[in-house]
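Trainee: predicted coordinates and the sequence they were generated for:
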Amino acid sequence: MVSESTFVRIVRASAWYDLIVSAPFATPWTFAWLHQALNALAGALGIGTLPDFAPEHLLMANLMGSVVCVWSVLRLRQTSVALGRYDAAARWLFAAWQAYAVLSGGTLLVVPFLVVEMGFGLLQSMPVGSVPGRTGTRAARAG
């Protein structure tokens, strides 16, 4: 079990992570830069190259990046246990599709993102409550 204040910090950290990672997907220009950088990384790691993106693929990447950025800002501005739970559900869905992509022959560059999705998914799925020894008033704890 994790305290509500710790859980809220986890939700906020996951929102910052999402904002930083997803922002390059949000526009055609930043995605072109990201695609080139990831392609260079894949080549340097010896795991092949990324396919070229058709306009429809680019549209889907930009939509995903835009929506995730907005969702991230919402979680930063109105951080709550409820939003953390919704985010956990979204992370499990993202992790499922990332695992499916890798198992279907997609690039191994997805694996680090899959690990992070699963990590934040686990953390945001944890029970939230009071931490033993930290409940009640000071007087009750002292007595």
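Mentor: Looks like it came in fine.
Trainee: make it CA atoms for all contacts and neighbour counts henceforth
Mentor: Will do.
Trainee: return the helix or strand in the chain with minimum mean pLDDT.
Mentor: helix 138-142 (a mean of 41; mean pLDDT, DSSP states H and E).
Trainee: mind checking pLDDT for Pro58?
Mentor: No Pro there; residue 58 is Leu. pLDDT, Leu58: 96.
Trainee: from what I can see it touches Thr30, true?
Mentor: No - with contact defined as Cα atoms under 8 Å, Leu58 does not reach Thr30; the gap is 11.0 Å.
Trainee: what comes up buried for stretch 61-75?
Mentor: Of the residues in stretch 61-75, those buried by neighbour count under the rule 16 or more other Cα atoms under 10 Å are 61-62, 65-66, 68-69, 71-73, 75.
Trainee: and of those residues, the nearest to Met126?
Mentor: Set against Met126, the nearest of the buried residues of stretch 61-75 by Cα to Cα is Arg75 (17.6 Å).
Trainee: ok, that closest one to Ser130 distance?
Mentor: Per Cα to Cα, to the nearest Å, Arg75 is found 22 Å from Ser130.
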